[in-house]
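When you get a sec, could you give me coordinates for this:
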Amino acid sequence: MPLVNFSNLDFDQIKTSIKDYLRANSNFTDYDYEGSNLSTIIDILAYNTYITSYNANMVTNEVFIDGATLRENVVSLARNIGYVPRSRNAAKAQVSFAVNTSGTTAVSVTLKKGIALVSSNVFANVNYVFSIPNDITVPVNSNGLALFNSIDVYEGTHVTQSFNVSSRTPNQKYILTNSGIDTDLITVSVREAPGSTVTRTFKQFNSLYDVTSSSPVYFIQEIENERYELLFGDGTFGIQLEEPNIVEVGYITSSGETGNNISQFTFAGQLVDNNNTPITTGISLITTDQTSFGGAAIESVESVKKNAPQIYASQNRAVTAADYESLIPRIYPEAESVSAFGGEELTPPQYGKVFISVKPENGVYLSNSIKEDISSQLRKYSVAGIVSELVDLKYLYVETDSYVYYNENKAHSPSVVSSLVTNNINSYANSTELNKFGARFKYSKYQKIIDDSHASITSNITTVQMRRDLEAVLDSFAEYELCFGNRFYIKNHGHSPISNGTVVGYNIKSSAFKVSGIADTVYLGDTPNPGLKTGKVFLFKLNSPTEPVIVKQNIGTIDYVKGEIKLNPIKIISTSVNRGTPLIEVSAVPYSNDVIGLQDLYLQLDTNNVVVNTVSDQIASGDDVSGSNYIVTSSYSNGSIVRGTPVLTTTQTTNQSS
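Next comes the predicted model:
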């Protein structure tokens, strides 16, 4: 009988299959397979088969990009479809200093490429070196000062490496020997021959577009051990190197993200004047214009496996929204998350447009210069007739209020339980589940995170709100629109507009602000229209925390289904919330507790507005088995009708309308 089914990797099943095969042979029918020496031979055969099957399985997995686990294999497979993984990024800082050249004949001062600064405050007993990839030359002014203003320095050591081009070495390789290289800072120049002063600078390219036989370009690819190899032209695409050319390469090896947030520096560079005379005195203290930022690790294996197929699918052209989302990280490596959507998805639709929102790794918004650079780069890939527009991302905040029930017999104290829950919530808030476009706050998973925080926790009742911050333009009439991208929950749903004397509404909450023409502090409120799909927005003030008084009707509209609030022209003169800019916080209860970041909405769990309350579960602890004194917590959001501390009016007035 033939051996059967070795598709699994279970040792015992392999051993059983070998025994079954031997028993089928009449010569081995009467053998004791467990107690005889034959058992050892069967074990050896099973182990050999097991190891062979395992190795075959691993080898098979490594030839497919979605199954490969070793970085070298993933990178090699990505290379086959034209994808170069993002390198390690060196942290960048901006500094200024002056050099006093009084008493000399210098007309210019040059800071030589290489090490420029050393961090003067020590992090974890490590001093970080900051370098520049090219010489920086500045003139000497009439006061004898050479001013180096806002120069960029990069964390890491500058390394130079040269290669002699040899016709006697077929398929010569130009491999950079160090790992941790920031490929954006590589400089390549080629001298015609040893001793020649004529050099030509080569530029890094990642495609063959616009490359001719006379183009001084080079390509780059990652090889083993996170190192890089330079590839030069063949005379058809790019200049072909010839003997006795000398290739000179400069690059910076960086520590990545550990070089971020350094702000104190000491000068350690080399200065020379226009006569190449060294300058060692007259150097001022270093002023830090921008603390170091942007340092990042090399692209992870998981990221390569995700992005490489998307880049290949885009075929270096931008047609669909997914094409733009895959191309942006190549154009702007500092992009942490990208969202692109067609104008036809908007209301009203804007055909022929693609809107792109980018969250940078460091910072909140892209500068105008970066936006313009990305837009110009995208035009190389865009199809005629499609206009791309970069828009600032909009933050959608999730806020939660949790009542955590716990067994007192299993917990040291309520504070311990609360601390553990808070720590786990903070970890979830910083995870990749959120903090990206298209993210989703998963309510059931959030509750499980709370329940799993400690063995004493028996359950939790958690309510959810979502918030947008309206940036007010003070002392000026302006229209405003807030899109939440999620349907609003309507309180008293299904009731008539007036029930038992109570107006159905106040589904949105706002922080306090003041408007022109109304002396009192006001808030935003809403009243649903018949059908409960849309409604009207009004302004109200508070005679008491539970007694709202409408002071102006019909200042805007609300769409409960789309989650949109539109305000007519209104002149805001002050706000109670100011975080660098005057803000009005507006929140609502979502129709579904699973909140999504739609289109250009960047989803975040606002840990500053996460409340954790601990409640003793007396049934679980045995103190109140009957449940007579059980503390009941509502599963529905309620509380104040405004955000923040209510600001009360000093005069009593009646409702107004317009």
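
what about the residue nearest to residue 484 when sequence neighbours are not counted, neighbour count?
In this structure, residue 484 finds its nearest non-sequential neighbour in residue 563, 3.6 Å apart by C-beta to C-beta, 6 or more residues apart in numbering. All C-beta spots, glycine's among them, are computed from the backbone N, C-alpha and C. Using other C-beta atoms under 10 Å, residue 563 has 22 neighbouring residues.

Now do the same contact list for residue 563.
483, 484, 485, 486, 487, 488, 588 (C-beta atoms under 8 Å, 6 or more residues apart in numbering).

Please name the residues that touch the closest residue to residue 81 other than its chain neighbours.
Nearest residue to residue 81 in three dimensions, chain neighbours excluded: residue 312, at 4.0 Å (C-beta to C-beta, 6+ apart). By C-beta under 8 Å, 6+ apart, the residues touching residue 312 are 81, 82, 83.

between the residues you listed, which is nearest residue 209?
Nearest to residue 209 among the contacts of residue 312: residue 82, at 12.2 Å, using C-beta to C-beta.

now the residue nearest to residue 484: how far from residue 486?
5 Å (C-beta to C-beta, to the nearest Å).

now swap in residue 560 and tell me
Distance from residue 560 to residue 486, counting by C-beta to C-beta: 11 Å.

shared neighbours, the two?
With C-beta under 8 Å, 6+ apart, residue 560 and residue 486 have common neighbours residue 591.

Next up, the contacts around residue 380.
By C-beta under 8 Å, 6+ apart, residue 380 lies in contact with residue 209.

Would you quantify the distance from it to residue 331?
Distance from residue 380 to residue 331, counting by C-beta to C-beta: 9 Å.

what's near enough to touch the spatially closest residue to residue 87 that is not a sequence neighbour?
Excluding the flanking residues, the one nearest residue 87 by C-beta to C-beta, 6+ apart is residue 183, at 4.1 Å. Contacts for residue 183 (C-beta under 8 Å, 6+ apart) come out as 87, 204, 220, 228, 251.

out of those, who's nearest residue 643?
residue 87 (44.8 Å).

So which residues of this protein form helices?
11-23, 38-62, 71-80, 301-314, 321-331, 368-378, 414-429, 443-451, 618-621 (DSSP state H).

Looking at those helices, spot the one closest to residue 599.
Nearest to residue 599, of the helices of the chain and by C-beta to C-beta, is helix 321-331 at 9.8 Å.

Just the pLDDT for the one residue sitting closest to the centre of the chain.
Geometric centre of the chain, nearest residue: residue 336, 3.2 Å, by C-alpha atoms, centre = their mean. Turning to residue 336, the model gives it a pLDDT of 78.

show me what contacts it?
Applying C-beta under 8 Å, 6+ apart, we find residue 336 in contact with 359, 360, 361, 435, 436.

Let me have these in CSV, extended by pLDDT.
Formatted as CSV, the contacts of residue 336 follow (pLDDT from 0 to 100):
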residue, pLDDT
359, 80
360, 80
361, 73
435, 76
436, 77
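
Check the contact between residue 288 and residue 261; I expect there is one.
No - contact criterion C-beta atoms under 8 Å: residue 288 and residue 261 do not qualify, at 11.2 Å.

can you list the contacts of residue 336 in JSON lines and add neighbour count and distance to residue 465?
As requested, the contacts of residue 336 are exported to JSON lines (neighbours: other C-beta atoms under 10 Å; distance: C-beta to C-beta, whole Å):
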{"residue": "359", "neighbour count": "21", "distance to residue 465": "23"}
{"residue": "360", "neighbour count": "18", "distance to residue 465": "27"}
{"residue": "361", "neighbour count": "17", "distance to residue 465": "28"}
{"residue": "435", "neighbour count": "17", "distance to residue 465": "19"}
{"residue": "436", "neighbour count": "17", "distance to residue 465": "21"}
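
Which member of these is positioned nearest residue 350?
Set against residue 350, the nearest of the contacts of residue 336 by C-beta to C-beta is residue 359 (22.4 Å).

Residue 402: what's it in contact with?
Contacts of residue 402 by C-beta under 8 Å, 6+ apart are 421, 450, 460, 461, 462, 463, 610, 611, 612, 613.

In TSV: those residues, plus neighbour count, distance to residue 567 and pLDDT.
Converted to TSV, the contacts of residue 402 look like this (neighbours: other C-beta atoms under 10 Å; distance: C-beta to C-beta, whole Å; pLDDT from 0 to 100):
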residue	neighbour count	distance to residue 567	pLDDT
421	25	37	93
450	22	36	93
460	23	36	91
461	17	34	92
462	19	31	93
463	19	27	93
610	19	28	92
611	12	29	92
612	20	34	93
613	15	34	92
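
what stretches of the stretch 51-200 of the chain score poorly on pLDDT?
Along the stretch 51-200 of the chain, the parts satisfying pLDDT under 70 run over 54, 57-61, 121-125.

can you map out the strands along it?
92-100, 108-111, 114-119, 129-132, 136-139, 145-155, 157-164, 174-176, 187-191, 199-204 (DSSP state E, counting those that start in this stretch).

The stretch 451-600 of the chain now?
Ranges of strands in the stretch 451-600 of the chain, per DSSP E, counting those that start in this stretch, are 457-471, 477-483, 498-499, 502-503, 508-510, 513-515, 523-528, 534-544, 547-559, 564-575, 577-578, 582-588, 595-596.

Buried among the contacts of residue 312? Make that a ChimeraX selection.
Remark: buried members of those, expressed as a ChimeraX selection using 16 or more other C-beta atoms under 10 Å:
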select :83
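
Just the closest of the contacts of residue 312 to residue 196, please.
Using C-beta to C-beta, residue 82 comes nearest to residue 196 of the contacts of residue 312, at 34.9 Å.

which residues does the closest one contact?
311, 312.

One more: residue 321?
Residues near residue 321 by C-beta under 8 Å, 6+ apart: 340, 341, 342, 354.

I'd guessed the second one sits against residue 485; true?
This means residue 341. No - Residue 341 lies out of contact with residue 485 (C-beta under 8 Å); the separation is 11.2 Å.

Check the gap between the residue nearest to residue 81 and residue 588 for me.
Applying C-beta to C-beta to residue 312 and residue 588 gives a distance of 42 Å.

I'd like the contacts of residue 312 as CSV, with distance to residue 518 appended.
Formatted as CSV, the contacts of residue 312 follow (distance: C-beta to C-beta, whole Å):
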residue, distance to residue 518
81, 62
82, 61
83, 58
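
quick one, what contacts residue 72?
223, 224.

Mind doing that once more with 6 Å?
residue 224 (C-beta atoms under 6 Å, 6 or more residues apart in numbering).

From residue 560, how far out is it?
Residue 72 is 54 Å from residue 560, by C-beta to C-beta.

and what of residue 218?
57 Å.

for residue 321, same thing?
27 Å.
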